[in-house]
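K.L.:
Give me a 3D structure for the following:
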Amino acid sequence: MKALIAIGIIFCCLVGCSSNAQVTNDKEMGENIQKSFEKKGVSSVDVSKLSDFKWEKGYLLTNKSKKADVEKLVNAPVSEEVMKKISAANQMLVFVHEGEVVRYVELPQDFIAHDKNQLEFSSAHSELKFNKKREGKPIKAGEKKLSSEDALTVESIMKQIQWKKADYSVALDPDVQLTYEGVVYNVRFTAESAELTSKRRGVYGKVTGETAQQLYDILM
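P.N.:
Okay, the predicted model is just below:
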């Protein structure tokens, strides 16, 4: 029970109200977990073998978790601000040693397969299964093949686009060609948007703001 209560420390850390310097976001561990996922035939990973710190219990927090479920897990009230932080992280592994939160790891959305019975794990049973359904299909920017993480992001963006019938009276001069699901899209970036057309599909679509910038950072 002490460990469950102590997990609340990380929430203070996330909103900037804790000076506990030991509680850090282990980005290197997150990268190693993702690299393990990219290896052919890998469906799970033992996180105890990827951690260089002591811990006994771990928890998986997810942006799909309801507020009541998270409060039950940590045995303490959780503010809406904290829930927004958890949601922004998509998935978060939290590690506890001797009743204190010592490390957390942020992961992409739905990276680890889970259900309500898989939100707690221990160093003795620390093998986590990857959600292979979230593994991105091969996607290219020009001749460059995107990483699994970038491919997932592009796949998510492509599904958000409201496609319209293309008007080829004005041809797009592409900055890069995106190959997605075997179809080539001409992509042109402006100061405010990313515009995509496909002659094969005969469609045109556009994204703006942060989404356009995200697409630019991946493709260019």
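K.L.:
what's around residue 67, how many residues?
P.N.:
Neighbour count for residue 67, taken as other Cβ atoms under 10 Å: 14. Yep, even glycine has a C-beta here, placed from its N, CA and C like the rest.
K.L.:
Report the contact partners of it.
P.N.:
Residue 67 makes contact with 78, 80, 83, according to Cβ atoms under 8 Å, 6 or more residues apart in numbering.
K.L.:
residue boundaries of the helices in this structure?
P.N.:
2-6, 8-14, 27-38, 67-74, 80-89, 148-160, 209-219 (DSSP state H).
K.L.:
how much distance is there from the longest one to the middle of the chain?
P.N.:
Between the mean C-alpha location of helix 148-160 and the chain-wide mean there is a distance of 11 Å, by Cα atoms, centre = their mean, to the nearest Å.
K.L.:
And for stretch 38-46?
P.N.:
The mean C-alpha position of stretch 38-46 is separated from the chain mean by 17 Å, Cα atoms, centre = their mean.
K.L.:
before we move on, what about stretch 139-155?
P.N.:
Relative to its parent chain, stretch 139-155 has a centroid offset of 15 Å by Cα atoms, centre = their mean.
K.L.:
which residues touch that stretch?
P.N.:
34, 37-38, 108-109, 134-138, 176-180, 214-215, 218-220.
K.L.:
Against residue 153, how distant is the residue nearest the centre of the chain?
P.N.:
Taking Cα atoms, centre = their mean, the centroid of the chain lies closest to residue 108, which sits 1.3 Å from it. With distances taken as Cβ to Cβ, to the nearest Å, residue 108 is found 8 Å from residue 153.
K.L.:
can you check residue 84 too?
P.N.:
Taking Cβ to Cβ, one finds residue 84 at 20 Å from residue 153.
K.L.:
Which of those two has more residues huddled nearby?
P.N.:
Shown here are residue 84 and residue 153; by other Cβ under 10 Å, residue 153 has more neighbours (21 against 13).
K.L.:
Could you report the pLDDT at that one?
P.N.:
Per-residue pLDDT puts residue 153 at 86.
K.L.:
got it, and residue 105?
P.N.:
Model confidence at residue 105 (pLDDT) stands at 85.
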